[in-house]
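**Q** My questions are about this predicted structure, shown below with the sequence.
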Amino acid sequence: MKKILLIFSLFALLASCDKPFEMDLPLSVAQRNISLTKDAGSTHVLVYADGDWTATFTEPISWASLNKVSGSGNSDLVFTYSANYGINRKVGIVLQKDNLRDTVWMNQTGAISQPIYNPEVSQVPLLKYAGKATVFASGNVYYCADAIYATAIYPKADGTEEEVLIDGNDSDPAHWITSFEALYDRFSFGTAANATGAERTAKVKVTINNLGGLTFNKYITVAQGNAEPEIQLAKTTEYFEAEGGEQVVALTKNNVWPYMSALTVSAPNGEWIKDIRLSHEGLVFNLEKNTTNKLRSCTMELTVSLLGGDPVKVSVKVYQKI
C-alpha cells in the first residue's frame, strides 16, 4: 500500500512540474537574450501575462520592427530584422503590464568583426565664433555610422579631467562642445562662441562599441582661440590634366577649413567639378574626365560665413586640358 501511495505522489509531482511556471506570473518571457545571425529574418518572442501588455523598443531603430505593439494574456510577438552589413548590434524589446516591466534583448551578429574609422587629422583649431566643425574620416563603417557616438573631455583647474556625453542636451556653459553627428566618411561637432578672451582646449573622443568585439576610441584635440577667419589661395589660376580625379589647390592662409557647414560655393558651368571642400591641406575637389575635346574652365568662388564674423571669400579659375 505504501508503494502505491508513493507512486501516486510521484506522478502528482511530475504533473505539477510539467506546468510552465511563467503561466502563473503576471508578466514574464520565455527568453531574455536571443542571438541572431547577420542575415535578415524573423523570430517569435513568447510573452506570458495575465492581462493586457505593451511592447516598445529601448531606442528608435530602422533595422527591425514588431508585428504588434500590444497584446493580452499569453501570446507572442514577431520580431523582423534586416541583414546586418555592419558591426554587431542589439536592441531591447520592453514589455510592460501596469507597473511591471521585462526586457528581451535581441543580439544580431554583424558582417564586420572590427570597425575602422580613422579621422584625417588629430587636431582641430577653431575660431572664436560659434559654429560646427567637420572632420573627414576613412574606414569601413558605411552601414553602421549610427553606432558612432562621442564624449567631450575637458581639463579642470585641479589637473583632472571631466568627460561628458555630447548629446545636445547639456546646459552647462562650461561644456562648450555642444553637439555631435557622424556619417561613414566624416563627423561634425558644434561649439559655442569663445567669450573668455583666452584659448581653451578639450578633446573629442569618438567611440564605437562593437558588441562581442573590440571597442575603439579616436581622440581629436580641439583648441578654440580668438583668431579671425582667414583664407588665401597660393594661386588664382590652376590647370589640370584631362584624366581628372581628386585635386588639391594649396592655400597660404587657411584657418576656416573645419567649418564645412559654413562654406558656400559658386561654380557656374562647373558641373564637372565635384565634392568641393576645404581641408587642412587646401581646397579639395574632384574633376570628371574631360571628354569634350576642348579646353574647359570654371571660376569657383568660395565663401565662409560664421555667425558673428565677417564672411571671407576666395576665388580660383580652374582649367582642364584636353
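**A** Looks like it arrived, so ask away.
**Q** what about Asp102, distance to Leu211?
**A** For Asp102, the distance to Leu211 (C-beta to C-beta, to the nearest Å) stands at 21 Å. Backbone N, C-alpha and C define where each C-beta goes, glycine included.
**Q** Of the two, which one has the most company?
**A** Taking other C-beta atoms under 10 Å, Asp102 and Leu211 do not tie; Asp102 has more neighbours (19 against 14).
**Q** quick one: average pLDDT of the host helix or strand of Ser35?
**A** Ser35 is part of strand 33-36 when elements are defined by DSSP states H and E. Across strand 33-36, pLDDT averages out at 95.
**Q** where does Pro20 land on pLDDT?
**A** 46.
**Q** and if you look at Ala250?
**A** Confidence score, pLDDT, at Ala250: 92.
**Q** Same check on Pro115?
**A** On the pLDDT scale, Pro115 gets 89.
**Q** In this structure it contacts Ile87, no?
**A** Yes. Checked against C-beta atoms under 8 Å, the pair Pro115 and Ile87 is within contact range at 5.1 Å.
**Q** Kindly state the beta-bridge partners for Pro155.
**A** Beta bridges link Pro155 to Glu161, judged by DSSP bridges.
**Q** show me what contacts it?
**A** Glu161, Thr201, Ala202 (C-beta atoms under 8 Å, 6 or more residues apart in numbering).
**Q** For the second one, which residues are in contact?
**A** The one in question is Thr201. So Thr201 contacts Pro155, Thr221, Val222, Ala223, Gln224 (C-beta under 8 Å, 6+ apart).
**Q** out of those, which one sits closest to Leu66?
**A** Leu66 lies nearest to Val222 out of the contacts of Thr201, by C-beta to C-beta, at 40.9 Å.
**Q** Near the closest one, how many other residues are there?
**A** Residues near Val222, counting by other C-beta under 10 Å: 22.
**Q** wait, doesn't it sit right on Leu126?
**A** Yes. At 6.3 Å, Val222 and Leu126 qualify as touching, with contact defined as C-beta under 8 Å.
**Q** Report the set of residues contacting both of those two.
**A** Shared contacts of Val222 and Leu126 (C-beta under 8 Å, 6+ apart): Ala133, Thr191.
**Q** if we can go back for a sec, now the contacts of Pro155 as a markdown table including pLDDT and distance to Ala193?
**A** Below are those laid out as a markdown table (pLDDT from 0 to 100; distance: C-beta to C-beta, whole Å):
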| residue | pLDDT | distance to Ala193 |
| --- | --- | --- |
| Glu161 | 96 | 23 |
| Thr201 | 96 | 16 |
| Ala202 | 97 | 15 |
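**Q** JSON lines please, covering the residues you listed and showing distance to Lys294.
**A** Shown next, in JSON lines, are the contacts of Pro155 (distance: C-beta to C-beta, whole Å):
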{"residue": "Glu161", "distance to Lys294": "59"}
{"residue": "Thr201", "distance to Lys294": "52"}
{"residue": "Ala202", "distance to Lys294": "51"}
